[in-house]
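**Q** Sequence and predicted model, in that order:
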There are 2 protein chains.
Amino acid sequence: MDETSEKFISGKIVRGESPLNLEMPFEKLEAFLTPTESFYVRTHFPIPAIDRDAWWLRVEGEVEKPFAINYEQLLEFESITVPVTLECAGNSRNFLEPKVKGVQWGLGAVGTAEWTGVPLSILLDRAGVEANASEVILEGTDGGMLDDPKSPPGKLRFARSVPLKKARHDVLLAYKMNGSELPPEHGFPVRAIVPGWYAMASIKWLQRIIVTDEPFTGYYQTIDYAYWNRRAEVAELTPLTEMQIKAEIAKPAEGETVPANSSVRVHGAAWTSDGEITKVELSTDGGSTWNETNLLSEPKPNAWRLWEFNWQTPRTPGTQTLIARATDSLGRTQPVLHDADRGTYMINHLLPIQVEVC
Amino acid sequence: MDETSEKFISGKIVRGESPLNLEMPFEKLEAFLTPTESFYVRTHFPIPAIDRDAWWLRVEGEVEKPFAINYEQLLEFESITVPVTLECAGNSRNFLEPKVKGVQWGLGAVGTAEWTGVPLSILLDRAGVEANASEVILEGTDGGMLDDPKSPPGKLRFARSVPLKKARHDVLLAYKMNGSELPPEHGFPVRAIVPGWYAMASIKWLQRIIVTDEPFTGYYQTIDYAYWNRRAEVAELTPLTEMQIKAEIAKPAEGETVPANSSVRVHGAAWTSDGEITKVELSTDGGSTWNETNLLSEPKPNAWRLWEFNWQTPRTPGTQTLIARATDSLGRTQPVLHDADRGTYMINHLLPIQVEVC
């Protein structure tokens, strides 16, 4: 990646213009909440231009009383506000060797925002879910034709499912991000937030909720956003779901110069799903020795924890390799190498950063 | 397709050499049973060289008593002999416009043989299937690396599943084809026969039977050998299963010359799944008018019926378009055009044949 050739739009790195894909320069990480204008943007199709006053959300499928509500009606339901970390399933793809297809995300296709919205369980209860239901399909307004010969013919809409249990537990229909109306690129007027899952599940520009009694096998959880899981030595195509435990270093950034024989603040973020981050270690010698870092914020479910470490840099100039490694309350930690069965997704292996001491 | 450039191996059209894919010239159709040496050959990898005396078949997964048996032991079980028509899911692909990827089969990737073997239900009963079981995975010995970036990394083996109910109903572990030992290219020493399904399910060179309690999502029933099925207007990736009703004309063949003002025998075969073929109609004027043909053999479950029609050819020379159309006991008939949601598979739309009257 030639850093000098990078293009920026409002402070974010342009990883694609059509569709629009923008990355936060991760070295700009400052606080627990990512400012909305810094938050990475992932789109698969042109951003839908939705008139809020003409918007309807349908709830249908295996329910007793299908219904549709508009924006005003949605706002009348009880809402909650929670911080949730969203990470693109392909975040850190440009660390993979050899290079693979897909948006070449660095470290910054991840962010944490406070989301305000209506728990999906409230709408499901209103519709009356049938006893045979097992999953809930979330469908966006965004769509178009794909080049992929493996895609369904005609216009495709972005859609994904979550198990009914998860849908009832903590999925949110969010209409505010960090206290303000959702911007168009983040799913205006309403998006799903699926806490703990890679962000492809948090459907933007939501238009339909379909309760179903069969495993959903749409394009975006089979041909795309899936990995190979082995059972009985046989590889099976499996939809991506939960984020994998991961720590990232914000500063110093790759290629940065730091003074020799000084105290340098190394800091970043770490996240997991289900459990909570209990430890982040930092190696400043390419993984030979590890130091425990300070965790800065209290653990919150489904949100990252910030961490920092005061690094006493070497007396002599040279290249140093920094690596961060997270551990969570379920005892999980990061793999050293990327598992090929995950293809171009779920990239949470140790990510070395090289800095120049001089 | 330039007919003159076709290569033949023992009377069959070579559609691929590595892996080996051979097609029966369908104009050679003569009898209800296809001679083994004329039967089409479909392989995905090099043909495994299996020593029958060293071969073992394992039965495992959600069973009380997993076991393995060798060839001699398999032959000790009760066997049955049934005629079953096998059709490649991509048969007639070279009729699709525009041209698509995949083996360019004409009419002859279909055939009917008598298969002798042990009902799978006998082995399942011996293993004792657990109450939670829902599917049976059949795994072949054939395997290798694929070029497809969508395939699992490493060596892949050909495998497919059938629902437990189907597995118990009529799936056969066949060790004879038309009364003789299976030839290597047809799955020696033992292959599955899944009656009524496209032939990708009839796993050759069988080595393992895995009973499972979850839908199997291996490569050959997701990324390959699948189609798009729409529910609630959303396309879902769905494994190919049952053969679709279809009639094919054997003679006269495409481009053949027939005498004017004469009686010419038009004949072919027709097949379906579940129901039986009750009617085959023939149009000799490109689909304007239809004539009922004579069905030659008694209907047998999961096997084709041969049909013929004495065509009084026109008095004046010219090109004539012949089309055959089948109807089955469930009232199903063939579509006029190929459904794009089926991609490069399940090709059972009306297939016109042009002949020269002179």
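**A** All right, it came through fine.
**Q** buried residues in stretch A:279-298?
**A** For stretch A:279-298, a neighbour-count test (16 or more other Cβ atoms under 10 Å in any protein chain shown) marks A:279-284, A:293, A:295, A:297 as buried. Quick note: C-beta positions are derived from backbone N, CA and C, even for glycine.
**Q** do the same with stretch A:33-52
**A** So, applying 16+ other Cβ under 10 Å, buried residues of stretch A:33-52: A:33-34, A:36, A:38-45, A:47-48, A:50.
**Q** just to revisit the earlier point, give me the subset of the buried residues of stretch A:279-298 lying in strands.
**A** Those of the buried residues of stretch A:279-298 mapping onto strands are A:279-283, A:295, per DSSP state E.
**Q** Identify the farthest-apart pair in those.
**A** A:Ser283 and A:Leu295 (17.1 Å; Cβ to Cβ).
**Q** Tell me which stretches of the stretch 51-200 of chain A form strands.
**A** Counting by DSSP state E, counting those that start in this stretch, one finds strands in the stretch 51-200 of chain A at the ranges A:56-61, A:67-70, A:80-87, A:110-119, A:135-144, A:156-163, A:172-177, A:180-181, A:191-193.
**Q** Quick check: can you name the pairing partners of the last one and their directions?
**A** Sheet pairing here is set by DSSP bridges, and for strand A:191-193 it gives strand A:172-177 (antiparallel).
**Q** again, but for the second one
**A** Applying DSSP bridges, strand A:67-70 is found paired with strand A:56-61 (antiparallel).
**Q** and the partner strand, how far from the chain's centre?
**A** Chain-centre distance of strand A:56-61: 25 Å, with Cα atoms, centre = their mean, to the nearest Å.
**Q** That one to strand A:135-144, inter-axis angle?
**A** Here strand A:56-61 points in a direction 140 degrees away from that of strand A:135-144 (axes from the mean of the first three to the mean of the last three Cα atoms, to 10 degrees).
**Q** Which one of the buried residues of stretch A:279-298 is nearest to chain B?
**A** A:Ser283 (28.2 Å; Cβ to the nearest Cβ).
**Q** okay, now the spatially closest residue to that closest one that is not a sequence neighbour: neighbour count?
**A** Nearest residue to A:Ser283, sequence neighbours excluded (Cβ to Cβ, 6 or more residues apart in numbering or on different chains): A:Ile323, at 4.6 Å. Neighbours of A:Ile323 under the rule other Cβ atoms under 10 Å in any protein chain shown: 20.
**Q** Can you give me the separation between A:Ile323 and A:Arg93?
**A** To A:Arg93, A:Ile323 is 18 Å away according to Cβ to Cβ, to the nearest Å.
**Q** give me the element the residue nearest to A:Ser283 is part of.
**A** Take DSSP states H and E as the rule and A:Ile323 turns out to sit in strand A:318-328.
**Q** which of the residues in that strand are buried?
**A** Quick answer for strand A:318-328 (16+ other Cβ under 10 Å): A:320, A:322-328.
**Q** ok, residues contacting it?
**A** A:245-249, A:252, A:266, A:268, A:270-272, A:275-287, A:290, A:293, A:307, A:313-314, A:333-334, A:350-357 (Cβ atoms under 8 Å, 6 or more residues apart in numbering or on different chains).
**Q** so what's the residue of the stretch 251-358 of chain A found nearest chain B scoring on pLDDT?
**A** Nearest to chain B, among the residues of the stretch 251-358 of chain A, is A:Ala340, at 3.8 Å (Cβ to the nearest Cβ). If you check A:Ala340, the pLDDT there is 96.
**Q** Check A:Thr316 too.
**A** Reading off the model, A:Thr316 has pLDDT 96.
**Q** So what's the residue count around it?
**A** 9.
**Q** Pull the contacting residues for it.
**A** A:260, A:357.
**Q** Then A:Thr212?
**A** By Cβ under 8 Å, 6+ apart, the neighbours of A:Thr212 are A:61-62, A:133-137, A:161, B:231-232.
**Q** now A:Trp307
**A** With Cβ under 8 Å, 6+ apart, A:Trp307 has these contacts: A:247, A:267-270, A:280, A:293-296, A:324.
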